[in-house]
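> sequence unknown, structure follows:
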């Protein structure tokens, strides 16, 4: 019998049952925290628990309010479930045991599979070789244009920027000169450098219509758009069905290669486990009944 990979190995705690979520963040009634930010009867949510649960980068007043409200609701439901005897049933214990096993397996495979794969082996040369072997798999499904884009609040500022490009100044240097000019810098509202866009990602629609008409290396006249005046520098257009630029698909191919490497590592690890554990499946249990 061949073992199949565990689905969704990177479990998200938020996908667990409400019972598990409440138990993870609540302080024990027997050991109350010295201070708390919320309490339901004798169960408390401490500041330490709150900080530990919220991502520091996303810890703001609204996120705190949302989380505290969710914690209170979860705790009330959990306490009511306990009173009604729903937390100590055979089914509840079975579900909690299942969750405990999945969390333990996730931690094990993080070390044995995910951390064991050396991502430095996925060089650009390896990516290019993989892309070549993939054949038609990565051919473009829609038109893609590569451009640089600068949006100014006035036409005069946009014309001055375009003049720098026409004089032979590189895009990066033109942006740097503009940003260092105290008179013009406040008029530069948006900059993108060598970005790939599809029709859906380049807004407004007029910018797409402009970009696909430019030759590689050509800088557009300032185009009036909703947000101001845009100057577009084109690098090339690839049509649907053509092979993409390497830079456009590099990350996607690396992700595919990483998945393949982890799958190989997983299968190897399972084989090693089979050599260490005695596995026995009774034949009469898999034959089926007639």
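In hand now; what should we look at? The structure presented is a predicted model; accordingly, all values stated were derived computationally and were not measured.
> CA only for contacts and neighbour counts going forward, please
Fine.
> Just the strands from the chain, written as ranges.
Using DSSP state E, the strands of the chain run over 38-40, 43-45, 144-152, 188-197, 223-225, 228-238.
> neighbours around residue 164, how many?
17 (other C-alpha atoms under 10 Å).
> contacting residues for it?
With contact set as C-alpha atoms under 8 Å, 6 or more residues apart in numbering, residue 164 has these partners: residue 174.
> Quickly note the distance from it to residue 229.
Separation of residue 164 from residue 229 (C-alpha to C-alpha, to the nearest Å) stands at 16 Å.
> Residue 266 now?
Counting by C-alpha to C-alpha, the gap from residue 266 to residue 229 is 53 Å.
> Which pLDDT value goes with residue 50?
Listed pLDDT for residue 50 reads 86.
> To clarify, my last question referred to residue 290.
53.
> same check, this time on residue 6
Looking at residue 6, its pLDDT is 43.
> now the one 3 residues further on
Looking at residue 9, its pLDDT is 39.
> again, but for residue 47
We have a pLDDT of 88 for residue 47.
> for residue 62, same thing?
88.
> do the same with the one 3 residues further on
For residue 65, the model assigns a pLDDT of 90.
> What's the separation between it and residue 250?
According to C-alpha to C-alpha, residue 65 and residue 250 sit 40 Å apart.
> Which one of the two is surrounded by more residues?
Neighbours per residue (other C-alpha under 10 Å) separate residue 65 from residue 250, with residue 250 holding more: 16 against 11.
> Skip the chain neighbours and tell me the closest residue to the more buried one.
Once flanking residues are discounted, residue 250 sits nearest to residue 127: 6.9 Å by C-alpha to C-alpha, 6 or more residues apart in numbering.
> right, and the strands of the chain - which one's nearest residue 97?
Within the strands of the chain, the stretch nearest residue 97 is strand 43-45; the backing value is 23.6 Å (C-alpha to C-alpha).
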